[in-house]
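In: this one's sequence-less:
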């Protein structure tokens, strides 16, 4: 009889999780921050995919015109090597977005696995993984990035590996804390009693109830990965043969564009990094507003100075000839 009750409890959680997910999706579609952020991200992704169609020629090919300001022929001008800045910016978005999203996803997967394992197994596993997490949290991020990027072979794979290895610790700590609070719930205990495997319990019972935390961890990891890649390549630690927003800024500095005031060379790539980070941050804020009850806005806001409407039925003498 006890087993049938636990089975009923675990089976009843599946529709509830499905309804909760649908409510979250509908809330995101009605949230202005989420809509604007997703629209901006889709525009960046579309431009990155259409870059070979808009500029089919090699954007890194050196021309003979030198640095020229924006004009009808070159909407964002040209670099000191005669390269079209708009073409470099659109082609650079392909590499930057690919590295940012891939490294962010990998870092989030590592954070989820470490956080769930630490929260579910506890004791020795928790102590070991917590120690590993603390080590990565205590090591300064930028020096570690610089050291790993300097000694590993140059390439996009190296950049993704370095960003994933150095970007998971913060998310793992947050997910561990959330997972430990869910670990003591009745439905998790019910799944344990019915003999479910630990991996099944972690992925089917604990992880779905951490969806909002995982989403915020993912968005934060992508933002950090895009900025970190641009920083590494700006310092000359990336692959200079790859076209990205970071390498565009690196060559702009190397060619003296900053000193000469040639703003049209470095502003587009820097602005693109800022806009994609802003779009991801809007989505992050939207998820936080939807999942955090303290940040939810009431549907009908009432002014503190507005007069209070009192029903006649609640007044003394109502229904007995009125007030005297």
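Out: Sure thing, it's come through. Quantities reported herein were computed from a predicted structural model and do not represent experimental measurements. Numbers count the residues shown, from 1 in each chain.
In: In space, what's closest to residue 37 - neighbours in sequence excluded?
Out: residue 282 (3.3 Å; CB to CB, 6 or more residues apart in numbering). (C-beta placed from N, C-alpha, C; glycine too.)
In: unless I'm mixing things up, the one you found is touching residue 36, no?
Out: Yes. With contact defined as CB atoms under 8 Å, residue 282 counts as touching residue 36 (5.8 Å).
In: out of those two, which sits in the more crowded spot?
Out: Higher neighbour count among residue 282 and residue 36: residue 282, with 22 against 15, using other CB atoms under 10 Å.
In: now stretch 238-248: how far from the chain's centre is it?
Out: Centre-to-centre, stretch 238-248 and its host chain are 22 Å apart (CA atoms, centre = their mean, to the nearest Å).
In: Check stretch 194-214 too.
Out: The answer for stretch 194-214 is 21 Å, by CA atoms, centre = their mean.
In: returning to that earlier point: does the residue nearest to residue 37 sit in a helix or strand, and which one?
Out: Applying DSSP states H and E as the criterion places residue 282 in helix 263-291.
In: Give me the helices and strands touching that helix, please.
Out: helix 2-30, helix 32-54, helix 85-121, helix 211-234, helix 245-254, helix 257-260 (3 or more CB pairs under 8 Å, 6 or more residues apart in numbering; DSSP states H and E).
In: okay, the ones you listed in a markdown table with distance to residue 135 next?
Out: Shown next, in a markdown table, are the helices and strands packed on helix 263-291 (distance: least, CB to CB, whole Å):
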| stretch | distance to residue 135 |
| --- | --- |
| helix 2-30 | 34 |
| helix 32-54 | 33 |
| helix 85-121 | 12 |
| helix 211-234 | 19 |
| helix 245-254 | 28 |
| helix 257-260 | 37 |
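In: so which of the ones you listed comes closest to residue 180?
Out: For the helices and strands packed on helix 263-291, proximity to residue 180 was assessed by CB to CB; helix 85-121 is nearest, at 4.5 Å.
In: Measure how that closest one sits relative to helix 32-54, angle-wise.
Out: 130 degrees (axes from the mean of the first three to the mean of the last three CA atoms, to 10 degrees).
In: List the buried residues of helix 85-121.
Out: 85-97, 99-112, 114-120 (16 or more other CB atoms under 10 Å).
In: What of stretch 156-175?
Out: Buried residues in stretch 156-175 (16+ other CB under 10 Å): 156, 158-175.
In: Check the offset of that stretch from the chain's centre.
Out: 13 Å.
In: Now do the end-to-end distance for that stretch.
Out: Across stretch 156-175, the terminal residues are separated by 28 Å (CA to CA, to the nearest Å).
In: what pLDDT, on average, does it get?
Out: Confidence over stretch 156-175 (mean pLDDT, whole number) is 88.
In: Over to stretch 284-292?
Out: Averaging pLDDT along stretch 284-292 gives 82.
In: so who does the residue nearest to the spatial centre of the chain touch?
Out: Centroid-nearest residue in the chain: residue 219, 0.8 Å away (criterion: CA atoms, centre = their mean). By CB atoms under 8 Å, 6 or more residues apart in numbering, the contact set of residue 219 is 104, 280, 281, 283, 284, 287.
In: Please apply the same query to residue 105.
Out: Taking CB under 8 Å, 6+ apart, we find residue 105 in contact with 218, 221, 222.
In: now these in CSV, with neighbour count and distance to residue 145?
Out: As requested, the contacts of residue 105 are exported to CSV (neighbours: other CB atoms under 10 Å; distance: CB to CB, whole Å):
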residue, neighbour count, distance to residue 145
218, 23, 20
221, 28, 14
222, 27, 16
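In: Just give me the closest of these to residue 195.
Out: For the contacts of residue 105, the nearest to residue 195 is residue 218 (32.1 Å; CB to CB).
In: Turn the contacts of residue 219 into TSV, including distance to residue 180.
Out: What follows is these, written out as TSV (distance: CB to CB, whole Å):
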residue	distance to residue 180
104	24
280	28
281	28
283	27
284	23
287	21
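In: and which of these is nearest residue 65?
Out: residue 280 (35.9 Å).
In: does the closest one really touch residue 38, like I thought?
Out: No. Applying CB under 8 Å, one finds residue 280 not in contact with residue 38, separated by 9.9 Å.
In: neighbour count winner among these two?
Out: residue 280 (25 against 18).
In: quick one: contacts for that one?
Out: 37, 41, 219, 222, 223.
In: so how far is residue 71 from it?
Out: To residue 71, residue 280 is 33 Å away according to CB to CB, to the nearest Å.
In: go on, residue 52?
Out: Distance from residue 52 to residue 71, by CB to CB: 23 Å.
In: between those two, who's got more neighbours?
Out: residue 52 (13 against 10).
In: returning to what we had before: would you turn the helices and strands packed on helix 263-291 into a markdown table with mean pLDDT?
Out: Converted to a markdown table, the helices and strands packed on helix 263-291 look like this (pLDDT from 0 to 100):
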| stretch | mean pLDDT |
| --- | --- |
| helix 2-30 | 58 |
| helix 32-54 | 93 |
| helix 85-121 | 92 |
| helix 211-234 | 89 |
| helix 245-254 | 89 |
| helix 257-260 | 83 |
